[in-house]
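Engineer: Provide a 3D model corresponding to the input given below.
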Amino acid sequence: MPWTSAFDTAAAHARAADRNRRLSGEVVTALTAAGAARHFVPRRWGGAEGGFGALLPRIAELGEACPSAAWVAMLWAAHGRFAALLPEEGQRRLWGASPDVRIAAGLMPPAGRAEPVPGGWRVTGTWGCVSGIDSADWVLVAAPEPAGGIRVLAVPADAVDVADTWDATGLRGTGSHTAVLRDVFVPGHLTFPLDELLRGRDDAPDRPRCHTAPAQLAGGPMFCAPALGAARRALAVWSRWAAGQGSGRSRSGQGAAVRGESGAGQGGQSAGARGGNGRGGAQARRPRRTNP
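Structural biologist: So this is what the prediction gives:
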């Protein structure tokens with residue numbers, strides 16, 4: 001089963017994710033093959049057009065193996081749901097070759113600026129905490145318009161510079177670095193108003209239910225799933241430690257065992273390896289990396 005393989009791979013690489021502040025290429029490939037990125041992608045592009053009930057238990061279980069891997073996988077799925085609001089031509093640009101396209105995002109708070117120009121928009125700005133950006137094929141950003149609205153724009157990852165800014169205590173492997181755009185042209189068909197994402201769009205009777213939920217309504221349970229998995233893992237490790245204390249084993253020996261066991265599954269990590277090619281491989285062009 002692909003998800004079972006992804007759990008095992010994430011667990012095996014959890015320590016490396018924490019150390020390297022990114023997910024390994026093996027984990028990126030395994031999660032893509034399991035269907036994380038395609039979960040909410042429309043069926044007409046080969047996606048699963050799945051539901052929340054199927055995704056959340058998998059993300060929680062993945063969180064027991066590596067919270068960072070769970071966090072990034074959850075966001076790949078969520079951002080595919082967001083990108084389904086793009087016009088048809090924009091969706092074809094993202095998924096015409098494959099539904100296994102990894103999408104990172106910097107949407108809250110909106111930043112930078114989007115200037116209207118013939119055929120689209122010119123975007124400049126800096127967006128922090130963009131999880132999994134190193135393994136992304138595309139990046140969604142939200143930028144204010146001169147007229148007062150906020151626009152979501154889809155940008156190919158190779159047009160994005162990455163400032164290495166993520167060095168947190170937890171979820172280190174998410175690689176939630178800073179995305180930088182400098183006067184990048186984005187065609188109109190790769191944009192939509194942020195308001196449509198926040199309120200949900202239910203403008204067609206055949207629109208899948210998974211694409212109609214407002215972002216903030218669906219976001220809560222999805223953000224909680226990796227934390228639930230991490231909490232389950234912590235409880236399991238502590239319970240084994242407590243049981244050992246009661247059996248008379250030495251405190252020093254048990255402490256070492258707990259530290260080793262928790263390190264193997266804590267992972268809190270995920271960031272991109274050499275990202276995909278839009279077909280689930282781990283060798284896509286990476287965003288350009290810069291120092292802050």
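Engineer: going along the chain, name the strands of this structure.
Structural biologist: 103-106, 113-117, 120-130, 138-144, 150-156, 161-163, 177-187, 191-193, 288-290 (DSSP state E).
Engineer: quick check: which of those is nearest to residue 85?
Structural biologist: strand 191-193 (5.0 Å; Cβ to Cβ). Quick note: C-beta positions are derived from backbone N, CA and C, even for glycine.
Engineer: ok, residues contacting that closest one?
Structural biologist: Strand 191-193 is contacted from outside by 85-87, 90, 114, 120-121, 149-154, using Cβ atoms under 8 Å, 6 or more residues apart in numbering.
Engineer: go ahead and build a PyMOL selection from the buried members of these.
Structural biologist: Selecting only the buried entries of the contacts of strand 191-193 in PyMOL, with 16 or more other Cβ atoms under 10 Å as the criterion:
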select buried, resi 85+86+90+114+120+121+150+151+152+153+154
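Engineer: ranked by average pLDDT, which of the strands of the chain falls at the bottom?
Structural biologist: When the strands of the chain are compared on mean pLDDT, strand 288-290 scores lowest, with a mean of 58.
Engineer: distance to residue 16 added to the strands of the chain, as CSV?
Structural biologist: Formatted as CSV, those follow (distance: least, Cβ to Cβ, whole Å):
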stretch, distance to residue 16
strand 103-106, 20
strand 113-117, 38
strand 120-130, 21
strand 138-144, 24
strand 150-156, 28
strand 161-163, 20
strand 177-187, 18
strand 191-193, 37
strand 288-290, 19
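Engineer: looking at those strands, which is buried most?
Structural biologist: strand 103-106 (a mean of 27; mean count of other Cβ atoms under 10 Å).
Engineer: would you pull up how far it lies from the middle of the chain?
Structural biologist: Here strand 103-106 shows a centroid-to-chain-centroid distance of 7 Å under the convention Cα atoms, centre = their mean, to the nearest Å.
Engineer: mind naming the longest helix for this structure?
Structural biologist: When the chain is parsed with DSSP state H, its longest helix is helix 215-246.
Engineer: and of the strands of the chain, who's closest to residue 49?
Structural biologist: strand 103-106 (15.8 Å).
Engineer: who's in contact with that closest one?
Structural biologist: Residues outside strand 103-106 that contact it (Cβ under 8 Å, 6+ apart) are 37, 75-76, 79-80, 82-83, 94, 127-133, 135-142, 154, 157, 179.
Engineer: list the neighbouring strands of it plus their orientation.
Structural biologist: When pairing is defined by DSSP bridges, strand 103-106 lines up against strand 138-144 (parallel).
Engineer: now the angle between strand 113-117 and the partner strand, please.
Structural biologist: Per axes from the mean of the first three to the mean of the last three Cα atoms, to 10 degrees, the angle that strand 138-144 makes with strand 113-117 is 90 degrees.
Engineer: specify the angle between strand 138-144 and strand 177-187 in degrees.
Structural biologist: 80 degrees.
Engineer: sorry, back to before: ok, the contacts of strand 191-193 vs residue 100, which is closest?
Structural biologist: Here the nearest of these to residue 100, counting by Cβ to Cβ, is residue 154; it sits at 16.2 Å.
Engineer: so where's the chain shaky on pLDDT?
Structural biologist: Across the chain, the ranges flagged by pLDDT under 70 are 1, 201-215, 217, 246-292.
Engineer: alright, I will stop here.
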